[in-house]
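Visitor: Sequence first, predicted coordinates after that:
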Amino acid sequence: MEIFDSYTMALWGILVTIATLMAQALIAGSTKARRPGAVPGKIDDSLSHESFVFRAHRTFMNSLENVPALLGVAFLAILAGADPYWTGILIWVFAIARLTHMALYYGIATEKNPSPRTWFYLIALIANVALLVLAAMALL
């Protein structure tokens with residue numbers, strides 16, 4: 001199909017984004033489930049950034065807050081016929097920024113704000129806004 005040929009880079013970026021979200025779900029769920037007295041659907045209120053369980057859960061929740069918007073905007077851009085090259089680049093910037101955000105959140109236990117992960121959250125957000133502008137321009 002021509003649309004798949006044109007947007008191959010974008011579709012691979014979407015695949016990586018979805019795979020990252022699924023990996024985060026598995027990591028968050030499995031680390032929490034191994035805790036003594038774990039209750040499905042609940043995180044111990046006493047946990048904070050020093051706990052990997054907390055950081056894995058927050059990383060997954062943060063992605064749940066951000067990935068749906070990316071998916072909506074990405075498919076809007078593709079369906080609107082936005083430039084395939086820039087659509088792909090912006091989706092990959094989002095995907096790489098979210099992977100980096102995840103790695104930093106898993107690796108750095110800090111209450112500091114902004115933390116290093118904040119910059120990659122912002123990079124992903126800016127990429128998503130730029131993709132929305134690209135999609136809107138394609139609709140005009």
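Guide: Done, it's in.
Visitor: who's in contact with residue 66?
Guide: Applying CB atoms under 8 Å, 6 or more residues apart in numbering, we find residue 66 in contact with 98, 121, 124, 125, 128. C-betas here are computed from N, CA, C, even on glycine.
Visitor: from memory the third one sits against residue 97, does it?
Guide: Yes: the pair formed by residue 124 and residue 97 meets the contact definition of CB atoms under 8 Å, at 3.9 Å.
Visitor: Would you mind telling me which of the two has the busier surroundings?
Guide: residue 124 (25 against 22; other CB atoms under 10 Å).
Visitor: pLDDT of the longest helix seen in the chain, averaged?
Guide: Scanning the chain for the helix with the most residues, using DSSP state H, yields helix 52-80. Regarding helix 52-80, the rounded mean pLDDT is 96.
Visitor: Distance from that helix to the middle of the chain?
Guide: 4 Å (CA atoms, centre = their mean, to the nearest Å).
Visitor: other SSEs contacting the helix or strand following it?
Guide: Remark: after helix 52-80, the chain's next helix or strand is helix 84-107, criterion DSSP states H and E. Judged by 3 or more CB pairs under 8 Å, 6 or more residues apart in numbering; DSSP states H and E, the packing partners of helix 84-107 are helix 8-33, helix 52-80, helix 116-139.
Visitor: can you list those helices in CSV and add distance to residue 109?
Guide: Listed next are the helices and strands packed on helix 84-107 as CSV, based on distance: least, CB to CB, whole Å:
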stretch, distance to residue 109
helix 8-33, 14
helix 52-80, 7
helix 116-139, 11
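Visitor: which one of those lies closest to residue 91?
Guide: Among the helices and strands packed on helix 84-107, helix 8-33 comes nearest to residue 91, with 3.5 Å by CB to CB.
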